[in-house]
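Novice: curious how this folds, go ahead:
(2 chains)
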Amino acid sequence: MPPAGWSAAQRRLHWWTAALVGLGFVLGWVMVAVPLRALLTKFLLYQAHKTLGLLVLLLALARLGVRLRRGRPAWDAALPTWQRRAAARMHAALYLLLLVVPALGYFTAAMAPAQVPTLFLGVIPVPHLVGTDPAWFAVLRQVHRALAILLVALAAAHALAALANHYRGHRGLVAMWRGSCRKDVA
Amino acid sequence: MRMAIVGLVALLGATAGLAPSAQAQRLYSIDQHYGGIEFTVEHLGLFTSHGMFDRFMGRLIIDPQHPERTRIDVKVEAGSVSMPWEEAASMLRSADYFDALHYPEIRFESTAVESLGPDHYRILGQLRIRGVTQPETLDAVLVDRHADAARGSDVAEFVVSGEVKRSAFGMVADKVFISDTVGIRIHARIVLDFAASG
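Specialist: Alright, predicted model coming up:
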């Protein structure tokens, strides 16, 4: 028997992830664009971006744990099957990218020639498990960037689909915001 | 950094026992093939960055009988500054830092060498960076000395260290993020072919 709705933890994790991914994405573009002459600003932006990325990774792991243990509420019965399938695949891709993009970001930072440490929340040093490698760095930063764009694009499509269904009278968005979608199941 | 090399030379000179047959001063040259000039700066007390100079040329005039007369003159190519991150090295060459375009040469000339112990020397001199000359003191330690049988010579390894306040040379950019104190560490290997001269 699936749970009646998303738990408070699941809902909080969902929205926090959305906010942190959005902020991290914007920060990523800004930090790269800031000229090296603004060294301190650039450093702080990179550290903020890396902290957000690590938070997203931790939240994604927590979400996966909760999801595997608790499961998800039943799909809105009014949704056509093809939409449910598409949504399920979309969710799987989002989970995967929420793990992969921050992980790639971590390795990009670790392999960067600049050799700037990763300081979680600005103060906690996160060890770099791999050393500097300019060739790998050049590849990884491109892959990290491309997959981050894909993640945000999929998240936007996911959000648009939720909004579209919301305006068609489905309760999925409300359920993620308030918790229960029992009315729809009934 | 060049200073350190100079210091090394001085140290070598101070080890007079190496050249029993030498009667007078001898001239030695060293460059990037015989050592390295590295520097270190701190960032916000959180981490450090390292860099080095790829090209330098030092002349050491050593009087084995009178190490205090050792003279060191090292010229470093400011534009040869390098860091693991090329963008940072390029910044160091810019007008805000070494201004390598206008001041292509960094130079250290010793004014005095003092013995602090059997393998330990203090090198006093003048350091010029960005056209500004300031007194500089370097600490030189002879870390290894061994005979190279194949060459019939003695090889002396020196580590020379010191500190520079970059602001004293007008290098004041990014004072919040990059420490004013720059650590200098020079490795120098000097091949003393006294045997050949004997």
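Novice: what's the longest helix seen in chain A packed up against?
Specialist: Determined from DSSP state H, the single longest helix within chain A is helix A:134-167. Using 3 or more C-beta pairs under 8 Å, 6 or more residues apart in numbering or on different chains; DSSP states H and E as the contact criterion, the secondary-structure elements in contact with helix A:134-167 are helix A:8-33, helix A:81-111, helix A:172-178. From N, CA and C alone the C-beta is placed, and that goes for glycine too.
Novice: so which of those helices comes closest to B:Glu163?
Specialist: Closest approach to B:Glu163 among the helices and strands packed on helix A:134-167 is made by helix A:81-111 (30.1 Å; C-beta to C-beta).
Novice: and the closest one, what other elements does it pack with?
Specialist: For helix A:81-111, the helices and strands in contact under the criterion 3+ C-beta pairs under 8 Å, 6+ apart are helix A:39-70, strand A:118-120, helix A:134-167.
Novice: next, the buried residues of the first one.
Specialist: Within helix A:39-70, the residues that count as buried by 16 or more other C-beta atoms under 10 Å in any protein chain shown are A:39, A:42-57, A:59-60, A:62-63, A:66.
Novice: chain center to stretch A:97-115, what's the gap?
Specialist: Remark: stretch A:97-115 is offset 14 Å from the chain centroid, using C-alpha atoms, centre = their mean, to the nearest Å.
Novice: swap that for stretch A:173-181, sorry
Specialist: Put simply, stretch A:173-181 sits 20 Å off its chain's centre (C-alpha atoms, centre = their mean).
Novice: list the buried residues of that stretch.
Specialist: Of the residues in stretch A:173-181, those buried under the neighbour-count criterion (16+ other C-beta under 10 Å) are A:173-176, A:179, A:181.
Novice: over to stretch B:146-158?
Specialist: Along stretch B:146-158, the positions that meet the burial threshold by neighbour count (16+ other C-beta under 10 Å) are B:153-158.
Novice: so B:Met171 sits against B:Ser94, correct?
Specialist: No. B:Met171 lies out of contact with B:Ser94 (C-beta atoms under 8 Å); the separation is 10.8 Å.
Novice: for these two, indicate the residue with more neighbours.
Specialist: B:Met171 (22 against 15; other C-beta atoms under 10 Å in any protein chain shown).
Novice: rewinding a little: show me which positions of the longest helix of chain A end up buried.
Specialist: Of the residues in helix A:134-167, those with enough neighbours to count as buried (16+ other C-beta under 10 Å) are A:136-137, A:140-141, A:144-145, A:147-148, A:151-152, A:154-155, A:158, A:161-162, A:165.
Novice: stretch B:171-181 too?
Specialist: Across stretch B:171-181, burial judged by 16+ other C-beta under 10 Å covers B:171, B:173-174, B:177-179.
Novice: check the burial of the closest residue to A:Leu61 other than its chain neighbours by counting its neighbours.
Specialist: Beyond its immediate neighbours in the sequence, the residue positioned closest to A:Leu61 (C-beta to C-beta, 6 or more residues apart in numbering or on different chains) is A:Leu99, lying 7.4 Å away. A count of neighbours around A:Leu99, defined by other C-beta under 10 Å, yields 16.
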